[in-house]
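Asker: From the sequence below, what's the structure:
(one chain, ligands or ions: 3)
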Amino acid sequence: MKEMTNVDLAAGLRSRLLYTSIGLAIVVSIIFISVAFNLSTDLGESLEAEHSHYQRDQLKNHIKNLVSKNKKSSFILNENDKTALLTILDEDIIGAEFWFDLQRTQLKKHALYAQNNEISQAIKTNESSEGFFEKEDVRLFWSYQYYPTDNFSLLIVRKTYALDQAISYVVNRLSITAFLTFWLTIWFALFFSALVTKRFEESNDRLKYLATHDVLTGLPNRTFLYQYALAFFHALNIKVSTKKQTKFALYIIDLDKFKDINDTMGHLVGDELLKAISARLNKLCKEYDKNVQVIRYGGDEFVVWSEKTNEEQGRELAEKIVATCRKPIELNHYQFETSVSVGVAFYPQDGVKLDELIKNADIAMYQAKKHRLGFQIFQRDLFTQSEQSISLRGQLNAALQQKEFVLFYQPKVKLPHGNIVGVEALVRWKHPKEGLLTPNVFIDIVEQSMFVHEFTRYIIHQAIFQCRTWLNNNIKLRIAVNISPYNLMDPELVTYIDQQLKEHDVPAEYLEIELTENASMVSIEKTQEVFQQLRGLGVKLSIDDFGTGMSSLAYVKQLNVDYIKIDRSFVTDMVNDKRDEAVIISMLVLCQKLNKLTIAEGVETAEQAEKLAILGCDYAQGYYFSKPLPCDEMTKLIEHQEVGKSVVISQNTIAVK
Ligand code: C2E
Ligand code: CA
Ligand code: CA
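Answerer: Ligands and ions are numbered 1, 2, ... in the order given. Below is the predicted model:
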């Protein structure tokens with residue numbers, strides 16, 4: 001559609017240019033011809049007059065001679081003299097008359113000028129005069145001359161051959177010149193319009209390219225994708241026979257942790273990374289099949305459109321994409337460990353329109369990202385989960401304003417005797433329609449939203465407020481708050497915590513911050529910096545979910561924290577699986593050596609608690625002791641057990657062997 005318009009535009013421009021040039025040529029030729037015609041007429045006339053004057057003067061001299069020979073008072077011309085005089089005159093002189101003392105003698109007389117008023121007037125008044133006139137398509141020149149000294153007047157009238165000749169001569173040449181000018185102009189116009197149209201088309205192509213390509217990476221952009229899809233589906237609808245066999249895969253590729261790299265390393269590095277990844281993707285896809293289209297869909301998102309692809313081939317390309325993007329990238333002498341999450345949707349089973357395919361590939365991509373799968377092929381049941389996420393995402397802001405987020409508290413107990421020494425604040429969303437939602441449903445959405453800082457501040461405020469309430473009731477409990485790695489980028493986080501502690505008059509050691517260990521691999525330096533500031537306030541620090549991340553040891557070594565929380569996954573099977581037990585033992589040894597206190601998470605049975613206590617784990621947390629409880633129930637639990645004293649949770653007493 002768009003191309004048609006461009007062609008039309010170019011053709012329109014070309015014909016307009018052509019017509020303008022022809023019009024201009026005609027105008028110029030007309031001016032040229034009329035000026036030249038007038039000039040040649042003037043020239044012809046003056047030549048004519050000159051020639052006539054010459055003849056007139058000759059005639060006059062001859063007549064004067066005859067008169068002087070005659071020496072008579074009145075002059076009468078005899079036939080011989082008349083013949084002699086007539087021989088002097090050109091053939092084109094059609095009238096010759098003279099007067100002596102008003103006596104008229106006619107040498108030649110022609111009907112063409114018989115009734116000319118101007119001539120009659122000149123004769124009548126006997127005044128010298130001359131002029132041109134036309135009679136019966138003949139142009140004539142007349143000259144009446146009065147010679148007062150000789151009392152003699154002379155009239156000659158002649159056909160103006162010289163003028164006609166001059167005009168026809170000029171007109172001939174003028175027509176040739178005009179014809180040439182005309183053709184030259186047309187050729188010039190054709191050439192010029194072709195040139196201009198070419199330029200126009202070139203700049204049009206350039207504009208079209210810019211509109212459909214991304215400047216940074218040089219890849220086609222979103223607009224291109226929509227045009228491409230439009231053309232593709234249009235062609236498909238025409239060829240109904242091929243429609244049934246058509247299959248293709250649409251991939252959404254999203255860089256993992258790109259936001260972190262951008263935030264920590266700056267946008268220039270981010271741009272370079274995008275360029276490198278796009279080049280890699282493009283190379284891989286074109287090598288795989290030159291018809292594959294790679295599109296920069298926006299930000300750090302790419303779309304790959306691979307035609308004639310069945311599910312097996314679709315999976316194969318997805319694997320290749322994930323593997324290729326995993327290879328480290330060197331930029332500015334730094335090595336970047338990058339990875340991508342890929343979602344794949346197939347035409348026609350996952351959608352018959354572009355929007356549908358993109359939406360479903362996006363759902364699959366989020367799934368891949370969430371579970372660190374690398375890639376995920378779209379499945380219908382992913383859809384309902386994601387529908388909920390999308391709907392929740394839209395309600396986040398309102399939920400914050402309506403204070404729909406509440407904290408539940410889960411005790412942390414000292415091993416072996418089980419005293420409650422603190423609680424972990426775990427957020428719940430009291431959703432007006434969906435009921436009580438746990439963080440696994442919405443925490444990802446929060447972390448990816450613009451409300452991540454506001455959300456965490458709200459949680460911190462709630463926790464400190466609760467701490468104050470408990471302190472007022474003489475319940476001295478440390479509250480641990482989970483923060484998202486994205487919160488480390490909040491420049492006001494530490495100031496906010498400080499201000500909240502002061503405002504509620506809560507000693508800093510009553511607050512603990514838990515950060516998941518696999519959270520912020522992008523910048524351990526940034527984590528160090530924020531942790532240092534928090535430590536400066538007196539806040540306690542923990543590494544959460546220890547053992548699940550990729551850089552556990554680096555974390556423990558480089559981050560100055562008080563507690564290490566051993567992830568639930570190791571605790572669950574430790575009683576039955578020797579390997580898990582071995583891992584826990586080495587973690588405990590490591591933490592002891594590094595002088596960190598250990599908390600085992602997800603303790604659900606007495607055996608687990610017992611074993612952990614034997615192995616020397618300092619604290620424990622889990623359903624075995626208590627599930628996370630709303631604050632009033634938590635208060636009851638603590639009051640019942642007289643916190644602060646060495647209380648043993650009676651039914652769960654741990655026997656140390
Ligand atoms: P987490 O920090 O590892 O919290 C412990 C999770 O394990 C909690 O899940 C808790 O209910 C659950 N749990 C505790 N004991 C047991 C047990 O014995 N068995 C089993 N199966 N589970 C147990 P929850 O409350 O659903 O929280 C899930 C995750 O959401 C948390 O994991 C934490 O990473 C995140 N989260 C919770 N609250 C917040 C918050 O306020 N901010 C942020 N950023 N993340 C939060
Ligand atoms: Ca935690
Ligand atoms: Ca944890």
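
Asker: What residues does this protein have near ligand 2?
Answerer: Asn482, Glu514, Asp544 (C-beta under 5 Å from the ion). C-betas here are computed from N, CA, C, even on glycine.

Asker: host element of the second one?
Answerer: So the one you mean is Glu514. When secondary structure is defined using DSSP states H and E, the element that contains Glu514 is strand 511-516.

Asker: try the last one
Answerer: Using DSSP H and E, Asp544 maps to strand 540-546.

Asker: Now do the host helix or strand of Ile443, average pLDDT.
Answerer: Under the criterion of DSSP H and E, Ile443 resides in helix 439-447. Averaged across helix 439-447, the pLDDT comes to 90.

Asker: That helix and ligand 1 in contact?
Answerer: Yes: Helix 439-447 lies in contact with ligand 1 when judged by C-beta under 6 Å from any ligand atom; the contacting residues are Pro439, Asn440, Ile443.

Asker: Between the residues you listed, which sits nearest Arg173?
Answerer: Ile443 (94.2 Å; C-beta to C-beta).

Asker: mind checking how far that closest one is from Leu436?
Answerer: The spacing between Ile443 and Leu436, counted by C-beta to C-beta, to the nearest Å, is 14 Å.

Asker: Those two - which one has more neighbours?
Answerer: Higher neighbour count among Ile443 and Leu436: Ile443, with 17 against 11, using other C-beta atoms under 10 Å.

Asker: Angles on the backbone of the closest residue in space to Leu437 that isn't next to it in sequence, please.
Answerer: Nearest-residue entry for Leu437: Trp429, 4.1 Å, with adjacent residues in sequence omitted and distances by C-beta to C-beta, 6 or more residues apart in numbering. Backbone torsions of Trp429, given as degrees, to the nearest 10, read phi -110, psi 110.

Asker: dump the residue contacts of Trp429.
Answerer: Ala399, Glu404, Phe405, Val406, Leu436, Leu437, Val441, Phe442 (C-beta atoms under 8 Å, 6 or more residues apart in numbering).

Asker: How about the fifth one: what's its closest non-neighbour residue?
Answerer: If the residues on either side of it in the chain are set aside, Leu436 comes closest to Arg428, at 5.4 Å by C-beta to C-beta, 6+ apart.

Asker: ok, that neighbour touching Gln410?
Answerer: No: the pair Arg428 / Gln410 is not scored as a contact, 11.6 Å apart, by C-beta atoms under 8 Å.

Asker: re earlier: which of the residues of the chain next to ligand 2 tops the neighbour count?
Answerer: Neighbour counts for these, by other C-beta under 10 Å, peak at Asp544, which reaches 24 neighbours.

Asker: in the sheet, who's paired with that one?
Answerer: Taking DSSP bridges as the rule, Asp544 bridges to Thr516.

Asker: so who does it touch?
Answerer: When contacts are counted by C-beta under 8 Å, 6+ apart, Asp544 is found next to Asn482, Glu514, Leu515, Thr516, Glu517, Lys565.

Asker: The residue nearest the centre of the chain is in what secondary structure piece?
Answerer: With distances taken as C-alpha atoms, centre = their mean, Ala211 lies nearest the centre of the chain, 5.8 Å away. Assignment of secondary structure by DSSP H and E places Ala211 within helix 161-212.

Asker: what's the helix or strand for Leu155?
Answerer: Counting by DSSP H and E, the element that carries Leu155 is strand 152-159.

Asker: ignore the last one, Thr635
Answerer: helix 631-641.

Asker: by contact count, what packs against that helix?
Answerer: Helices and strands touching helix 631-641, by 3 or more C-beta pairs under 8 Å, 6 or more residues apart in numbering; DSSP states H and E, are strand 405-414, strand 420-431, helix 452-472.

Asker: Let me have these in JSON lines, extended by mean pLDDT and distance to Glu330.
Answerer: Output for these, formatted as JSON lines (pLDDT from 0 to 100; distance: least, C-beta to C-beta, whole Å):
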{"stretch": "strand 405-414", "mean pLDDT": "97", "distance to Glu330": "43"}
{"stretch": "strand 420-431", "mean pLDDT": "97", "distance to Glu330": "40"}
{"stretch": "helix 452-472", "mean pLDDT": "96", "distance to Glu330": "31"}
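
Asker: Minimum distance to ligand 1: which of these has it?
Answerer: Within the helices and strands packed on helix 631-641, the stretch nearest ligand 1 is strand 420-431; the backing value is 3.5 Å (C-beta to the nearest ligand atom).

Asker: Pull up the pairing partners for that closest one, direction included.
Answerer: Using DSSP bridges, the strands paired with strand 420-431 are strand 405-414 (antiparallel), strand 435-437 (antiparallel), strand 478-483 (parallel).

Asker: Kindly reformat those strands as JSON lines containing distance to Leu219.
Answerer: What follows is the strands paired with strand 420-431, written out as JSON lines (distance: least, C-beta to C-beta, whole Å):
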{"stretch": "strand 405-414", "distance to Leu219": "40"}
{"stretch": "strand 435-437", "distance to Leu219": "39"}
{"stretch": "strand 478-483", "distance to Leu219": "37"}
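
Asker: Which of the ones you listed sits closest to Gln388?
Answerer: Each of the strands paired with strand 420-431 has some distance to Gln388 by C-beta to C-beta; the shortest is strand 435-437, at 9.4 Å.

Asker: now check that closest one, is it near ligand 1?
Answerer: No: no part of strand 435-437 sits near ligand 1 under the criterion C-beta under 6 Å from any ligand atom; the closest distance found is 9.6 Å.

Asker: residues in contact with that strand?
Answerer: Applying C-beta under 8 Å, 6+ apart, the set of residues contacting strand 435-437 from outside is Leu392, Arg428, Trp429, Lys430, His431.
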